[in-house]
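Q: Here you go, sequence then predicted model.
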Amino acid sequence: MDLQDDELTDAVVGSFAGSGSERYKEVMGALVRHLHAFAREVDLTEDEYFTAIEFLTRTGQISTGTRQEFVLLADVLGLSMLTVGLGNRKPKEATQSTVFGPFFVEGSPEVQLGDDISNGAPGQPCLVSGRVLNTKGEPIAGALVETWQADEDGFYDVQKDLDRPQNRAHLTTDADGNYKFWAVKPVAYPIPDDGPVGELLRAGGRGPMRPAHIHFMVTAPGYARLITHVFANGDEYLHTDAVFGVKQSLIADFVEHHEDGKTYYTVDYDLVLATIEETRQ
């Protein structure tokens, strides 16, 4: 009763003492203390508080099964990449992780090595290949490789009214750890900025662009899951990625080829998994 300032904070933190989970108490206590400290630091006004509540409400209202505005919000605030870093302390030999993004879809089509996953998507043909290896350089056979990307217009299939997936599939590596598929050359594109997150970026004088990239999620028994991108070398947005996801080791050359009057690209990139034991959680 009549609690103010630090007494109020202490009372709210203490209200979680009855939880049966020590981790829950730890997380909620830290959340309350930091939220209260933030409000005090900026001398948060009631108008600003209600503006924030309205912003978060609209963030939830625009989210759907194919558009996760809260993930997008976490991405542009750098929280996604901070969490990626905290949860993926792997050996230096392992491929670095980056943001998951809001456009992954369960149940993508299964394809065989060398298949074309573009399925009519606009863009220049691109052969994507490499091997899945362990940190000793040994191939991992039977690894599950899931991949997805935007088309030449900067759209993922779930952003369009389509009756089939495009640039989205999964395949397994062969006995030598090889993966290979045809897609389209990725391009830079803006994250969805027609909602609350776009308003936040514009208010901060920030742009919505992401550099060209291909998404990968790779799993294999006994290994830590890898979620990463392969970025196109030379892209103008590598240093201003709206979600802070670029790492130097994830940049690869997309090589242009000309054959029989046609242009296509190739990119070769090995994906290196750390074992569960090698990954410090």
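A: Looks like it arrived, so ask away. Nothing here was measured: the structure is a model prediction, and the numbers come from that model.
Q: Not counting sequence-adjacent ones, nearest residue to residue 147?
A: residue 216 (5.5 Å; CB to CB, 6 or more residues apart in numbering). Every C-beta, even on glycine, is put in place using the N, C-alpha and C of the backbone.
Q: beta partners for that neighbour?
A: residue 147, residue 228 (DSSP bridges).
Q: which residues does it contact?
A: Residue 216 sits next to 145, 146, 147, 226, 227, 228, 229, 230, 271 when contact means CB atoms under 8 Å, 6 or more residues apart in numbering.
Q: Can you tell me, leaving aside adjacent residues, what's nearest to residue 158?
A: residue 66 is the one closest to residue 158 (CB to CB, 6+ apart), at 4.1 Å.
Q: check contacts around the one you found.
A: Neighbours of residue 66 in contact, by CB under 8 Å, 6+ apart: 103, 105, 158, 159.
Q: Of those, which pair is most distant in space?
A: Pairwise distances among these were taken by CB to CB; the largest, 11.4 Å, belongs to 105 and 159.
Q: any idea which element residue 132 lies in?
A: strand 125-134 (DSSP states H and E).
Q: Which strands and helices lie in contact with that strand?
A: strand 178-184, strand 262-268, strand 271-273 (3 or more CB pairs under 8 Å, 6 or more residues apart in numbering; DSSP states H and E).
Q: Pick out whichever of the contacts of residue 66 sits closest to residue 212.
A: residue 103 (14.7 Å).
Q: leaving aside the residues next to it on the chain, what's closest to that closest one?
A: Closest to residue 103 by CB to CB, 6+ apart is residue 156, at 4.4 Å.
Q: if we look at stretch 153-169, which residues are touching it?
A: Contacts of stretch 153-169 (CB under 8 Å, 6+ apart): 66-67, 103, 105, 108-111, 115, 117-122, 146-151, 181, 183-184, 187-190, 192.
Q: From those, list the buried ones, please.
A: Buried positions within the contacts of stretch 153-169, assessed by neighbour count (16 or more other CB atoms under 10 Å), are 103, 108, 111, 115, 117-119, 121, 146-151, 181, 183-184, 187-189, 192.
Q: how many neighbours does residue 92 have?
A: 8 (other CB atoms under 10 Å).
Q: all numbers from here: first residue = 72
A: Shifting the count to begin at 72 puts that one at residue 163.
Q: how about it, secondary structure?
A: coil (DSSP: H, G, I helix; E, B strand; the rest coil).
Q: Per-residue pLDDT of residue 265, please?
A: Looking at residue 265, its pLDDT is 95.
Q: what ranges of the protein fall below the confidence cut-off?
A: For the chain, applying pLDDT under 70 flags the ranges 351-352.
Q: Do a quick rundown of the strands in it.
A: 196-205, 215-219, 239-243, 249-255, 260-261, 280-281, 284-290, 297-303, 322-323, 326-330, 333-339, 342-344 (DSSP state E).
Q: ranking the ones you listed by burial, who's on top?
A: strand 297-303 (a mean of 25; mean count of other CB atoms under 10 Å).
Q: name the helices or strands packed onto that strand?
A: strand 284-290, strand 322-323, strand 342-344.
Q: Which stretch among those strands approaches residue 276 most closely?
A: strand 284-290 (24.0 Å).
Q: any idea of the angle that closest one forms with strand 239-243?
A: Relative orientation of strand 284-290 versus strand 239-243 (axes from the mean of the first three to the mean of the last three CA atoms, to 10 degrees): 40 degrees.
Q: isn't residue 184 right up against residue 247?
A: No - contact between residue 184 and residue 247 fails when scored by CB atoms under 8 Å: they sit 10.6 Å apart.
Q: So these two - more neighbours on which side?
A: Neighbour comparison, residue 184 and residue 247: the larger count goes to residue 184, with 14 against 11 (by other CB under 10 Å).
Q: Now do the contacts for the residue lying closest to that one once chain neighbours are set aside.
A: Spatial nearest neighbour of residue 184, chain neighbours left out: residue 251 (4.9 Å); criterion: CB to CB, 6+ apart. Contacts here follow CB under 8 Å, 6+ apart; on that basis residue 251 touches 184, 185, 198, 199, 200, 201.
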